Each structure stands twice: as C-alpha cells, then as structure tokens.
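Undergrad: Need a 3D model of the following:
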Amino acid sequence: MCELALTKAQSEKRKVKSESAKRKRVLTPLEINIQGAVACLDSNSSSPTVSHVIPRGNPVTGVTSLGDNVFVVRYTTEQKIEVYDANTFTLQRHITVPGLGPSTYGLAACPHNNCLYASDNDNSSVHRVELSGSNAVMKWSVARWPAGLSVNSEHNLLVVIQGGEWKLQIFTTHGTLLQNIQLQADIESPSHAIQVPTSQFLVSDSGSLHRVCLVGVDGAVVRRYGGQRGSQLTQMNYPAALAVDRKGRVLVADGWNNRLLVIDQSLSVVHEMSVCVDGGLKGPRSLWYDQSCRRLYIGEWDGGRVIVIDNLNDFTAAQVNA
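TA: Numbers count the residues shown, from 1 in each chain. Predicted structure coming up:
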C-alpha cells in the first residue's frame, strides 16, 4: 500500500512539473513572430476618426500633403497656396504662385520630384512649385480648361481636360507631353482621374451621366458605376475627386449628395462612408489619401473646410466618428 501511495504521489508530482514546464517553455521563433504580429495589430487597431478640421474659408478646390506640410488651394484666392503644419494644422505661410488664376481645380504633390503642381483653369496651364529652397515656380501650357491632377507610379503628372475636347494629358515633371488620350464621346464633364496599376484610368464624370468610369489607354470606357443623376446608392450627383486604397477600392467625393461613396475594384459593389462631422459634409469636392500614414483629407466646396481622418487603413469603414 505504501509503495502504491508513493508511486501515485510521484506520478502527480511529475504531472505538475510537466504542466509547469509547458507554461514556462521557451517560445519558438515562429511563435514569437506570430505573437508579435498580433500585438502589433492590436496596437494599430484604432478605428478611423475625424482628428482635425481646418476651419471654414473660401471653397476648397484642392488639398494634398508632403512630409510635414499640408497644402490647400481655394476658389478665388488668386496666386496663393496655403501651407499648414501636418501635426498641429496651424497655418504656417502662403506660397505665392505668380499668374495662378482664381479657378485652380487641381492640386497634387510628388515626393519623388519634391514639387507641387496646381492646375490653372482660367489660363489653361499647370504651375510647378519646387518645394525646396526658394519655391521656384515654372509653368507650361496644357489643353483648354485643366481640372483635376494626380501623379502616377512613374512620377508623371496626369491632367484632366474639360475644355470641349474631353481628354487626359500626361506630362513629365518639367512639362513635356507624353500622352494625349481622347476620352470616349459620352464622357462629357470629367473632373478627376487616377492611373491604376493596369495602366487604365479611373475617371469621374458629371455630364449628362454622373458616374465613375474605368477607361482604357485608348480612352474607351471599360466599365462604369452610376448613371442618371440622383441620390440613391446606385446614383451620384456631381462625382468629383477620387482616391484609391491598396486593394483598389475607389473613394468618391459625391459632391452635391454631400457624401463619400466607396466602390469596389470591379465597380459593382458600393457602400457609403459616413463621416460624423459638425453639420455633416458640405459639398465634398477634393480628396487626398496618404496611404503611408493612413490619413484622408476631404476638401469641401460649400463648407470651405478641410476635414482630416486618421487611422484609415483602407476604405472598408462604413462610419467615421468624430
């Protein structure tokens, strides 16, 4: 009996040691990596929020950022681009752009060339501002009535043209014309375009049809979302600026519906991204999505504000809280 009791006690003791060893065992490198990844994801799991609002002013026609600076251009504010601190959002200064007209409907920054571009609808030109040293400015002529601007993956400038011949023009950073793309005839009022990895273009259009189109390198529409002007989820009312996330989802500033729409890469599934801001969105016209810091800028035409959203990993969010 004593031997049986001792054997049983030793068995229980070994079991306790075994359980303790399991709890204290050294993690394998793979397990360390997995646990670290989970911790990292947990630390970045904050929901998207409205973090700042640059106060009301003239209608915002363009917004972009580069480094520690946020650049804003407003309607009828001739020859001036506002520069805000990207952390405090206080106005730091103005960049003077000689000859820049009051209707500047596009603004884009290029990190590779360290410069800023502004479209001049009144004077059918693009102004390039060097963002180092003395902010040297150069300009070149484009087709009539340039509007939205964007920079493609090859660091060239994409310009939307609205003046009768609806087209896209692509220039080098110093104004050499590389491509002249005539858009399909039923695209009657393009506002903004972005070149996607397939070399095709996403184009917002608010002519007789209000829609977002995927356009080939020949200018023909491949597929589209939208149609007749309206406020239903399948409709838009003056789609203006566009932005794209890493998965190819398209964010649309649906201007006169005072909302943002998210369309999937196939341009077939859509949801609204509701932004909880004082008074609601008021004529969103300009968008800039900085993927590197998960930040979205929304420029309003009616409200004259720039709304800043942080922690926006992608465009899947249905609501952004204040």
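
Undergrad: in stretch 46-64, what's buried?
TA: Using 16 or more other Cβ atoms under 10 Å as the test for burial, stretch 46-64 gives 48, 50, 52-54, 57, 59-64. (Each C-beta comes from the backbone N, C-alpha and C, glycine too.)

Undergrad: Going by distance to Ser206, which of the residues you listed wins?
TA: Using Cβ to Cβ, the shortest approach to Ser206 within those belongs to Thr61, at 15.1 Å.

Undergrad: Among the buried residues of stretch 46-64, which ones are in strands?
TA: When DSSP state E defines the strands, the subset of these inside them is 50, 52-54, 60-64.

Undergrad: quick check, nearest of the residues you listed to Ser292?
TA: The shortest separation between Ser292 and any of these is 13.1 Å, and it belongs to Thr64 (by Cβ to Cβ).

Undergrad: correct me, but the closest one touches Leu107?
TA: Yes. The pair formed by Thr64 and Leu107 meets the contact definition of Cβ atoms under 8 Å, at 5.2 Å.

Undergrad: residue closest to the middle of this structure?
TA: Tyr289 (2.3 Å; Cα atoms, centre = their mean).

Undergrad: Check what pLDDT it gets.
TA: pLDDT, Tyr289: 98.

Undergrad: What is the neighbour count of the closest residue to it other than its chain neighbours?
TA: In space, Tyr289 comes closest to Ala243 once its chain neighbours are excluded; the distance is 3.9 Å by Cβ to Cβ, 6 or more residues apart in numbering. Under the neighbour criterion other Cβ atoms under 10 Å, Ala243 is assigned a count of 25.

Undergrad: again with Val308
TA: The burial count assigned to Val308 is 21, neighbours taken as other Cβ under 10 Å.

Undergrad: quick one: it and Thr49 touch, right?
TA: No. In terms of Cβ under 8 Å, Val308 does not count as a neighbour of Thr49; the distance is 9.6 Å.

Undergrad: do you know how far Gln179 is from Asn152?
TA: As defined by Cβ to Cβ, to the nearest Å, Gln179 lies at a distance of 10 Å from Asn152.

Undergrad: So which of the two has more stuff around it?
TA: Per other Cβ under 10 Å, whichever of Gln179 and Asn152 has more neighbours is Asn152, with 17 against 12.

Undergrad: contacting residues for the closest residue to that one other than its chain neighbours?
TA: On the basis of Cβ to Cβ, 6+ apart, the spatially nearest residue to Asn152 that is not a chain neighbour turns out to be Gln195, at 4.2 Å. With contacts defined as Cβ atoms under 8 Å, 6 or more residues apart in numbering, Gln195 is in contact with 150, 152-153, 158, 201.

Undergrad: go on, Thr76?
TA: By Cβ under 8 Å, 6+ apart, the residues touching Thr76 are 58, 102.

Undergrad: is it true that it lies in a helix?
TA: No. Read with DSSP: H, G, I helix; E, B strand; the rest coil, Thr76 is coil and lies in no helix.

Undergrad: can you offset everything so residue one is 240?
TA: Noted, 240 is the first residue going forward, which turns the last one into Thr315.

Undergrad: so what's it scoring on pLDDT?
TA: As summarised for this prediction, Thr315 has a pLDDT of 88.

Undergrad: what do you get for Thr267?
TA: At Thr267 the predicted local confidence, pLDDT, stands at 32.

Undergrad: Next: Glu251.
TA: Per-residue confidence at Glu251 stands at 43 (pLDDT).

Undergrad: just to revisit the earlier point, wait, which of the buried residues of stretch 285-303 is closest to Ser447?
TA: For the buried residues of stretch 285-303, the closest approach to Ser447 (Cβ to Cβ) belongs to Thr300, at 23.6 Å.
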